[in-house]
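A.B. asks: have a look; sequence and predicted model below, questions after that.
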Amino acid sequence: MKAATGTAKKRTEQGAMNWAFDDLIDDPQPSPPPTTAPQRGRPKAGILDQLTIACHTKSTDVPRIRCAGEGCHESWSAPRMSGRILPHASVCQFLPADTRKLALLENAKASLGSKVEAASSRPNTDMFADFRRAGSQNKEDARKAHVTKTNKLVLDLLCDGALAPKLVDRRAF
């Protein structure tokens, strides 16, 4: 039991920490697949190719990903995740300004505001209009849109009122 706990702890520490830059070796760039090859799986995030370089550790030969900024020593455990890479890339001083701006715009797509904006293509006149118009097939989509709008409104309330986020967890809220 202790050995399994120690192994899990070691893996967690390895993924969570910024690896020593001297212990990383860049991997060769993979050749692009032929254009006739069928596209399978999730579409590739092209911006991550610009922001990261695949590498591995010298000591343990574990695959890692590092920032493509010249002189930046930030690295992450593989696989690449935009949730970890984009926040760093949007403020990394080692990346060119246009690349940072591109990362910032891509990172903004995951915000509540952009999700609400994308979900509602018409003016927001009635919060429950989606439920009234939706048939049984679209009820789940309407519910998700309503939850997203509500989350955005609560976030706006907390930010505008300078309220502590822990207030939302209270029973009175």
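C.D. replies: Here it is on my side, so go on.
A.B. asks: contacts, neighbours, all on C-alpha from now
C.D. replies: OK.
A.B. asks: max-length helix in the chain?
C.D. replies: When the chain is scanned for its longest helix (criterion: DSSP state H), the result is helix 139-160.
A.B. asks: can you name every helix or strand that that one contacts?
C.D. replies: helix 112-119, helix 129-133 (3 or more CA pairs under 8 Å, 6 or more residues apart in numbering; DSSP states H and E).
A.B. asks: quickly, which of those helices bottoms out on average pLDDT?
C.D. replies: Mean pLDDT is lowest for helix 129-133 among these, at a mean of 59.
A.B. asks: could you pull out the strands for the chain?
C.D. replies: 24-26, 52-57, 63-67, 75-77 (DSSP state E).
A.B. asks: in CSV: the ones you listed, plus mean neighbour count, mean pLDDT and distance to residue 106.
C.D. replies: Listed next are these as CSV, based on neighbours: other CA atoms under 10 Å; pLDDT from 0 to 100; distance: least, CA to CA, whole Å:
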stretch, mean neighbour count, mean pLDDT, distance to residue 106
strand 24-26, 17, 75, 25
strand 52-57, 20, 87, 15
strand 63-67, 22, 88, 16
strand 75-77, 23, 87, 19
